[in-house]
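[1] return atomic coordinates for the entry below.
(one chain, ligands or ions: 2)
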Amino acid sequence: MPDALQFPIIDLSFPDRFSIANLIRQGCVDHGFFYLVNHGVDEELISKVFEQSSNFFSLPIEEKMKLVRKNHRGYTALYAEKLDTTLTTEGDSKESFYIGPLADDLNQWPLEEDLPSWRSTMETYHQKLLSAVTKLLSLIALSLKLEEDFFEKVGALIEPLAFIRLLHYPGDLNSSSEEIFGASAHSDYGMVTLLVTDGVPGLQICREKSKQPQVWEDVPSMSGAFIVNIGDMMERWTNGLFRSTLHRVLQPRQDRYSVTIHPFPFTCSVISCVICSWGQKIEMLHSLQILAKTVLWNVWKAVALSLVHQDSHP
Ligand SMILES: O=C(O)CCC(=O)C(=O)O
Ligand SMILES: [Fe+2]
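    Ligands and ions are numbered 1, 2, ... in the order given. The predicted structure is shown next:
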């Protein structure tokens, strides 16, 4: 049996920023994952977010569907989303609630009389997380031997499109299919993802996605820490030096809750490779193009797959 995964622990309050930056580099090159502690988000606030998340998901489905997802904000029901579009199953066995940038007024909120303090808890959490993300990005810049304010200078942090996702993986579904996942295999689109779970296991990573058969390893959660992973945009930004690692969540045997934040850079910031050497291709892309490329790739895969299925099942 392989040893349990060990990711570096990054302490955001540690005074020696250069040694922390080196540790980040190691985590991002080896696994694309690390733990973040002393991140400035109170444990009490995190517990409140989990409590409010569970309050929302416990509402009757008719109530939840009143806030069904629009403009990438709101409720997504069980099986409505499938992160691995190559699977032939109906969808991932999780329900979710998305909260986008606070400034644009597109978010949907439960009524205050139904879930008191729900909106204010989520808004506070959104703000606190963005400030942790900003600090973390300056360390990531240092870890790439860039100026601390590199990401600010390229405009990535002007109105970043930060999305919080509240996730609930029900534990009582009794599905016998091996192909049903809480979240099927995927990598994240953005710069970095910060994840906090309730401690119920399920998250796994695959370090070598092209190796067959794929090897999946459990990611242990760490009390009070965020699990941070590198997304596709950062992988592109670093010319593949930092890894956007394939991961998935198994269907749990008891209810599992988690909360993620996915900050996307401002849509017009330039994602040019910051690590280049002779012979390597220097790409200049806008974050929107990277997103569009990923979306187009997924659409293409889905269309190709449906054609294959039509052929084999006339
Ligand atoms: O719930 C988790 O542990 C991970 C969720 C995830 O990978 C995602 O939302 O992108
Ligand atoms: Fe993910």
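
[2] next, the distance between the ends of stretch 137-154.
    Start-to-end span of stretch 137-154 (Cα to Cα, to the nearest Å) is 12 Å.

[3] confirm Phe151 sits in a helix?
    Yes. Under DSSP: H, G, I helix; E, B strand; the rest coil, Phe151 sits within a helix.

[4] that one against Ser138, yeah?
    Yes. In this structure, Phe151 is within contact of Ser138 by Cβ atoms under 8 Å, at 7.4 Å. From N, CA and C alone the C-beta is placed, and that goes for glycine too.

[5] more neighbours: these two, which one.
    A count of neighbours by other Cβ atoms under 10 Å puts Phe151 above the other of Phe151 and Ser138, at 24 against 19.

[6] residue contacts, that one?
    Residues in contact with Phe151, defined by Cβ atoms under 8 Å, 6 or more residues apart in numbering, are Leu137, Ser138, Ile140, Ala141, Leu157, Met191, Pro265.

[7] of these, closest to ligand 1?
    Met191 (13.3 Å; Cβ to the nearest ligand atom).

[8] and the closest one, how far is that from Lys94?
    23 Å (Cβ to Cβ, to the nearest Å).

[9] what of Met234?
    Met234 is 24 Å from Lys94, by Cβ to Cβ.

[10] before we move on, what about Ile227?
    17 Å.

[11] neighbour-wise, which of the two wins?
    For Ile227 versus Lys94, neighbours defined as other Cβ under 10 Å are more numerous around Lys94 (26 against 22).

[12] re earlier: can you list the contacts of Phe151 in TSV and add secondary structure and distance to Met222?
    Output for the contacts of Phe151, formatted as TSV (DSSP: H, G, I helix; E, B strand; the rest coil; distance: Cβ to Cβ, whole Å):
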residue	secondary structure	distance to Met222
Leu137	helix	21
Ser138	helix	23
Ile140	helix	20
Ala141	helix	25
Leu157	coil	27
Met191	coil	22
Pro265	coil	28
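
[13] CSV for those, including distance to ligand 1?
    Supplementary listing: those in CSV, determined by distance: Cβ to the nearest ligand atom, whole Å:
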residue, distance to ligand 1
Leu137, 19
Ser138, 24
Ile140, 19
Ala141, 23
Leu157, 21
Met191, 13
Pro265, 17
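
[14] just the buried ones from those residues?
    For the contacts of Phe151, a burial check counting by 16 or more other Cβ atoms under 10 Å picks out Leu137, Ser138, Ile140, Ala141, Leu157, Met191, Pro265.

[15] so what's the residue nearest to the spatial centre of the chain bridging to?
    With distances taken as Cα atoms, centre = their mean, Thr193 lies nearest the centre of the chain, 4.1 Å away. Beta-bridge pairing of Thr193 under DSSP bridges involves Asn229.

[16] so it makes contact with Phe264?
    No. Contact criterion Cβ under 8 Å: Thr193 and Phe264 do not qualify, at 10.7 Å.

[17] for this structure, which segments are assigned as strands?
    Applying DSSP state E to the chain gives strands spanning 9-11, 33-37, 74-76, 95-99, 161-169, 183-186, 192-197, 203-206, 217-218, 226-230, 246-249, 256-264, 270-272, 284-286.

[18] deepest-packed of those, please.
    strand 226-230 (a mean of 26; mean count of other Cβ atoms under 10 Å).

[19] report all helices and strands that that strand contacts.
    strand 33-37, strand 192-197 (3 or more Cβ pairs under 8 Å, 6 or more residues apart in numbering; DSSP states H and E).

[20] ok so, going back, got a list of what the residue nearest to the centre of the chain touches?
    Listed by Cβ under 8 Å, 6+ apart, the contact set of Thr193 reads Val228, Asn229, Gly231, Thr260, Ile261, His262.

[21] from those residues, pick the one nearest Ile20.
    Distances from Ile20 to these, taken as Cβ to Cβ, are shortest for Val228 (12.8 Å).

[22] select from the strands of the chain the stretch with the lowest mean pLDDT.
    Lowest mean pLDDT within the strands of the chain: strand 284-286, a mean of 48.

[23] the stretch 51-200 of the chain: helices as residue ranges?
    Under the criterion DSSP state H, counting those that start in this stretch, the stretch 51-200 of the chain contains helices at 61-65, 118-143, 150-153.

[24] now tabulate those in CSV and tack on mean pLDDT.
    Output for the helices of the stretch 51-200 of the chain, formatted as CSV (pLDDT from 0 to 100):
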stretch, mean pLDDT
helix 61-65, 97
helix 118-143, 95
helix 150-153, 84
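
[25] before we move on, the earlier item: so which of the contacts of Thr193 are also by ligand 1?
    Restricting those to those touching ligand 1 (Cβ under 6 Å from any ligand atom) yields Thr260.

[26] please consider this matter closed, and thank you.
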